[in-house]
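>>> Mind looking at a prediction? Sequence and model below.
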Amino acid sequence: MQNDILSILNESEGLNAKVFSLVRLKLLASLATLGPDGATYRELKAALDINDGVLFANLNVLKDMGYLTSEKITSEGKELELYSITTEGQDEWKRTKTWLCRFLHCGA
Amino acid sequence: MEKRKKVIAFFKELGFEFDISRFDDRLIAQKLVCLLELRGIDLGYSCSLYVRGPYSPDLTQDLYAFTNEFENLETGSRLNTLEKEAAGELGRIFGLKPVPLEVGATYGYYALRQNSDPLEASRQVKRLKPFYSEAQIALGISKAKQFLYKPTQKDLEELKKETGIWQRASLKTLEH
C-alpha cells in the first residue's frame, strides 16, 4: 500500500461518497460499536443532538443503502423504533474509517 | 475462567432470566454490569459512554456469541461474600427494572467516572435521557446514590445527630 497523498486520494474511489456527511458518519460510528444490539430512535436523537427531520431522513438514506435495518420493539410497554447496523454497514464503516485514518495520518 | 461466567453468576443470583430477543433484557444486562463495575466489582467488561449511555460493546459481543450460556445461566463461577452482598443490594434497590437501572448507571457514570458534581451529573442524565420523566430520573438517581455510595462514619454520626431529637421525642410519646 502506497503512502503518497495521490495514492491515498485515489483509494477513496472504492468508498461510497454518500456516506460522507457529518450526520451519516455520526450515525454509522455510533451504531457500529453497538453491533446487533442497536439503538432506539430516541436514544440517537438525544445523544447525537440531531433534529427529527435530519435524523429521520438520514436514517432512511442509510437504510436504503442497506447499511441499517430498523424494527419495532417494545420497551416498558412503549413501542419504539430500533436501528441496527448491517454487515454491509459494518464493512462500509470499516473501509471509511481506515481510509480517513490514512488520509489524516492517524496510524491506521 | 472466562469473564462471562462471573456475569452469569450475577444473573443467577439476581434471578435474571435473560432472553436475547428482548430489548429490555439486553438493556438490563448492560446496566447491571455497568453498575457493578461502578461499585468496584471488576467483571472485565469496562463501560464507556455511547449513544445508549454507559455501555460495554465487549459484553454485547459475548451476549450474542454465547447466548445459550447466558439464557440457560450456565456457569461454574461462584460469587464471594462481597459480590453476593452487592448482588443482593442491586436486586433490592433496583429490581430488574430497565428505567431506574438505565438512569442510575448513567448518573453513576457521570458522578464517579467523569467526576461530575451531583448537579452536573443530574443535568447530563437529563440531557442524555430526555425521554424519561423528572420523576423517573429522580428515582433512578436516588437509587444510584443508595447503591453506589456507602455512608461514612461521619455521615452516620451527622444523621444520628439530625434524627436523634425526633427519636427521643417519639420515645417520650410512647412513655405517655
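Sure, I can see it. Numbers count the residues shown, from 1 in each chain, chains lettered A, B, ... in the order given.
>>> ok, which stretches of the chain are helices?
Chain wasn't specified; assuming chain A. A:5-11, A:22-34, A:41-48, A:52-64, A:87-103 (DSSP state H).
>>> my question was about chain B
Using DSSP H, helices in chain B cover B:3-14, B:23-38, B:57-65, B:67-71, B:81-94, B:98-108, B:118-128, B:134-148, B:153-175.
>>> Report how many residues lie close to the residue of chain B at minimum distance from chain A.
Of all residues in chain B, B:Val51 sits closest to chain A, at 3.9 Å by CB to the nearest CB. Placement of C-beta: from N, CA and C, glycine included. Other residues lying near B:Val51 total 22 when counted by other CB atoms under 10 Å in any protein chain shown.
>>> And the closest residue to A:Gly38 other than its chain neighbours, what's its pLDDT?
Nearest-residue entry for A:Gly38: A:Ser84, 3.1 Å, with adjacent residues in sequence omitted and distances by CB to CB, 6 or more residues apart in numbering or on different chains. A:Ser84 is assigned 98 on the pLDDT scale.
>>> A:Ser84 is in contact with A:Tyr41, isn't it?
No: using CB atoms under 8 Å, A:Ser84 is not in contact with A:Tyr41; the gap is 11.9 Å.
>>> Need the pLDDT of the residue nearest to the spatial centre of chain B.
With distances taken as CA atoms, centre = their mean, chain B has B:Leu35 as the residue nearest its mean C-alpha position (3.8 Å). As predicted, B:Leu35 sits at a pLDDT of 98.
>>> go on, the one 10 residues further on?
Among the per-residue scores, B:Tyr45 holds a pLDDT of 97.
>>> Below-threshold pLDDT in the chain: ranges please.
Going with chain A. A:1-3, A:106-108 (pLDDT under 70).
>>> actually it's chain B I care about, not the one you picked
For chain B (pLDDT under 70), the answer is B:1, B:176.
>>> What residues does it have near chain A?
B:23-24, B:26-27, B:50-53, B:55, B:57, B:60-61, B:63-64, B:98-99, B:127-131 (CB under 8 Å from any CB of the partner chain).
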